[in-house]
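1. here is my input, please return the structure:
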Amino acid sequence: MEGEQTLPVLPWLKRLFTVDDNVLSDQFTLQPPEDSQNGGSSSGSSPVSDTGSTQPENSGEGTSGQDVDAASDAEAGQPEAPQSGEPDFYTSPDDSTGAPTGAPADPVLRAQSHSRKPIPMKELVLQAEQRREGNGDASAPESFAEHPGSHGGTNKEAIPKQIEHVKEKLQKTFHMPMNKDVVIREFTIGMPGQWKAIAVFVDGLCDKNVTNLHVLQPLMLLAHIGEDKEGVQNRFDTVHDTLLPGNQIDKKDKWSDMTSGILTGSTAVFIDGVNRGLIIDTKGWEHRTVGLAQTEPVVRGAHDSFTENLRANTGLVRSRLRSEHLVTEMIPLGKLGQTDIAVMHIEGLTNKSLVAEVKRRLTAIDVDFIPDSGLVEQFIEDSPTTWVPQLMSTERPDRVAHMLTEGHVAIFVGHNPFVLTVPVVFWSLMQTPEDAYIKFPFGTFLRLLRWLALVTAVLMPAFYIAVTNYHPEMIPTDLLLAIAGSREKVPFPAIVEILLMEFSIELIREAGIRIPSVIGPTIGLVGALIIGQAAVQAGVVSPLLVIVIAVTALASFTVPNYNLSFTVRVSRFLFLVVAVMFGFYGMALLLTVIGVKLSVHKSFGVPFLSPVVPSSDSSPDVFVRGPSYRMNQRPAYLLTQQSWRQQPVTRPWSKGTQQGMDAKKNKASKRGQK
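-> Numbering: from 1, shown residues only. This next block holds a predicted model:
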């Protein structure tokens, strides 16, 4: 309106609350590299916007008349004249391509300038790979193109013969000299120094003492060679057979095999005039020594655990299971960075179909990098939506060795202290190695105690809610009066009390893991006592509910499997919800649904509730732990090639044992006659 006055606004405040909606319609494009600009990056050049056009710096004093004219020309469809310092990829019209003035010279950027939708990163990478493959060897050094015989033409896997070409290819492959981790050592073989060679290794992955004493010293100082009368190809055999004293030396014909060996900590040796290479095992990176088991401690039994060293882990298993039939197969995974995966089984015992299925699932993983066994577990499990663990993860070598003798397959992931064993049944998740190391009555007692704790950890809070809200007639009168008296001053319903206490317990549990181990247990214990006592005195929760939550937390700590404990913690909240809504009927219905789902679920072809559902003959090793001298059969659900693990009678001096085995044989024979 005329005559209306507006308050003056500071320029910086106005810009702060001003939104340019033109950026919403601009096309997203990647910025050009710095070296593509004229004269490099200079301080006087104008900044480049997302659309590639140069924008003047905003001085905060409004828009000049020239800028307004330029903007009006752009709106009219007239191209803006290029300014000084404009990037190289803004070129004049090209007769061959027909690109308009102001369009990027790169065809990909030019295609993006005509489109309003951003190109996905996957498609952008694919286009870059296609352009790189289309160039062929055009991007390779001239020396490679001039010597197709030495470089192998278009074969990228060929190893060049001339040592100069090998060095150039190494520098290109490992991005040198920018990359400072890879070391290239040029030297001559023999005291006369007639053969040129190169040793390549990664600093930090190999043992320098082994490289110096067992690779460089024998080749440079201790080798005495004469004239090369038999040709350059004899050099390779001479170095391999007589000059290198290493115990593990591999001959490689492909360039990818050489680079993989270098990246795994070995030393590669290239010899002038030979299109082959040698990989000498010199691995020696820093790693943690064998220590105590952190997640599966026992009182009776072995106390060592796996480390982050793959070969140390396989050696720990082999040191216990000394069998020539124990086979370890290596499967590298990862396109960007390879991770060694070791598949271990007993040949002649393990089901061949199971081994083939494990290798099939592992080789089907198509990912850039595998840092942990938990990711491998998520890739190869049967049903990703199932909360219950479908693979056994353990850090105990003795447990892996025992499961291998039963017919399982072990999966070792490089640089990871946890080993996966497949398949797994639900009952195995509640067992510990200590059950077998003590007498069977005590082992059975511990198992039954853990099963009772599992039921308590899952159902006790929901049971409390269902009884107090829907079924108070189930509570004795005296106890009911005590519960009512304790909740008289509490202003919240029971479900709110439980959620508050459960949330506090989960916080204490998580904080105990993150806090340093020296004060972690103390903080957890003191925090629980203070929170519980303060909550009762403040009238936020009732004393009986504190007891319920405390017993539930203690019961959840007795679950031996770490992954199963997460299932218990989440399932407790699920049962709480159905108990609040439907009481015992909702809990019974949810238990039925879970039981049906688990009964039809499989782990690598094995029913998850075997040998209970479906029922099969096996040794007594489900809810109870049978005597070790009666654990004669391997689990039938594994379909092993050898079903018996020991003789039927292992205590011939015991009269009761002999009578029991005779009765079992008679029962089996009668069943076979029927």
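
2. any idea how far residue 444 is from residue 201?
-> 55 Å (Cβ to Cβ, to the nearest Å). Any C-beta I mention is one placed from the backbone N, CA and C, and that applies to glycine too.

3. quick one, which of the two is more surrounded?
-> The residue with more neighbours, out of residue 201 and residue 444, is residue 201; 26 against 16, by other Cβ atoms under 10 Å.

4. that's a strand at the more buried one, yeah?
-> Yes. Assessed by DSSP: H, G, I helix; E, B strand; the rest coil, residue 201 belongs to a strand.

5. show me the beta-bridge partners of the residue nearest to it when sequence neighbours are not counted.
-> Once flanking residues are discounted, residue 201 sits nearest to residue 267: 4.4 Å by Cβ to Cβ, 6 or more residues apart in numbering. Beta-bridge partners of residue 267, counted by DSSP bridges, are residue 280.

6. now do the same contact list for residue 267.
-> 199-201, 206, 211, 215, 279-280, 282 (Cβ atoms under 8 Å, 6 or more residues apart in numbering).

7. go through whichever strand or helix holds residue 507 and flag the buried ones.
-> Counting by DSSP states H and E, the element that carries residue 507 is helix 494-514. For helix 494-514, the neighbour count (16 or more other Cβ atoms under 10 Å) marks 494-495, 497-502, 504-505, 508-509, 512 as buried.

8. a markdown table for these, including distance to residue 619 and pLDDT?
-> Output for the buried residues of helix 494-514, formatted as a markdown table (distance: Cβ to Cβ, whole Å; pLDDT from 0 to 100):
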| residue | distance to residue 619 | pLDDT |
| --- | --- | --- |
| 494 | 45 | 88 |
| 495 | 45 | 91 |
| 497 | 46 | 88 |
| 498 | 41 | 90 |
| 499 | 44 | 91 |
| 500 | 46 | 88 |
| 501 | 42 | 88 |
| 502 | 39 | 89 |
| 504 | 44 | 86 |
| 505 | 38 | 86 |
| 508 | 41 | 82 |
| 509 | 36 | 83 |
| 512 | 38 | 76 |
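
9. looking at those, which is nearest residue 167?
-> residue 512 (54.4 Å; Cβ to Cβ).

10. so the closest one versus residue 347, what's the distance?
-> Going from residue 512 to residue 347 by Cβ to Cβ gives 44 Å.

11. one more: residue 507?
-> Counting by Cβ to Cβ - residue 507 and residue 347 are separated by 50 Å.

12. likewise for residue 335?
-> Separation of residue 335 from residue 347 (Cβ to Cβ): 30 Å.

13. which residue ranges form the strands in the stretch 401-550 of the chain?
-> When assigned using DSSP state E, counting those that start in this stretch, the strands of the stretch 401-550 of the chain occupy the ranges 409-413, 419-422.

14. closest one to residue 234 among those?
-> When the strands of the stretch 401-550 of the chain are compared (using Cβ to Cβ), the closest one is strand 409-413, at 40.2 Å.

15. quick one: the helices in the stretch 551-674 of the chain?
-> 562-582, 584-600, 655-673 (DSSP state H, counting those that start in this stretch).

16. quick one: list the elements packing against the shortest one.
-> By that I understand helix 584-600. In terms of contacts (3 or more Cβ pairs under 8 Å, 6 or more residues apart in numbering; DSSP states H and E), helix 584-600 is packed against helix 440-469, helix 562-582.

17. mind giving me the packing neighbours of the shortest one?
-> I take that to be helix 562-582. Helix 562-582 packs on helix 440-469, helix 494-514, helix 543-557, helix 584-600, going by 3+ Cβ pairs under 8 Å, 6+ apart.

18. which one of the ones you listed has the lowest average pLDDT?
-> Here the lowest mean pLDDT among these goes to helix 494-514, at a mean of 85.

19. how about residues contacting it?
-> 461, 464-465, 468-469, 487, 490, 492, 520-521, 523-524, 527-528, 531, 535, 540-542, 545-546, 548-549, 553, 569, 572-573, 576, 580.

20. including mean neighbour count and mean pLDDT, could the strands of the stretch 401-550 of the chain go into TSV?
-> Output for the strands of the stretch 401-550 of the chain, formatted as TSV (neighbours: other Cβ atoms under 10 Å; pLDDT from 0 to 100):
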stretch	mean neighbour count	mean pLDDT
strand 409-413	25	96
strand 419-422	24	95
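
21. want to throw those into JSON lines with distance to residue 340?
-> Below are those laid out as JSON lines (distance: least, Cβ to Cβ, whole Å):
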{"stretch": "strand 409-413", "distance to residue 340": "8"}
{"stretch": "strand 419-422", "distance to residue 340": "13"}
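
22. and these: which comes nearest residue 455?
-> Among the strands of the stretch 401-550 of the chain, strand 419-422 comes nearest to residue 455, with 25.8 Å by Cβ to Cβ.

23. let's see the closest one as CSV, backbone CA atoms only.
-> Backbone C-alpha positions of strand 419-422 (Å, rounded to 0.1, in the frame of the first residue of the first chain) are rendered in CSV as follows:
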residue,chain,number,x,y,z
VAL,A,419,34.0,-68.0,13.9
LEU,A,420,30.6,-69.0,12.4
THR,A,421,29.4,-72.6,12.4
VAL,A,422,26.5,-73.9,10.3
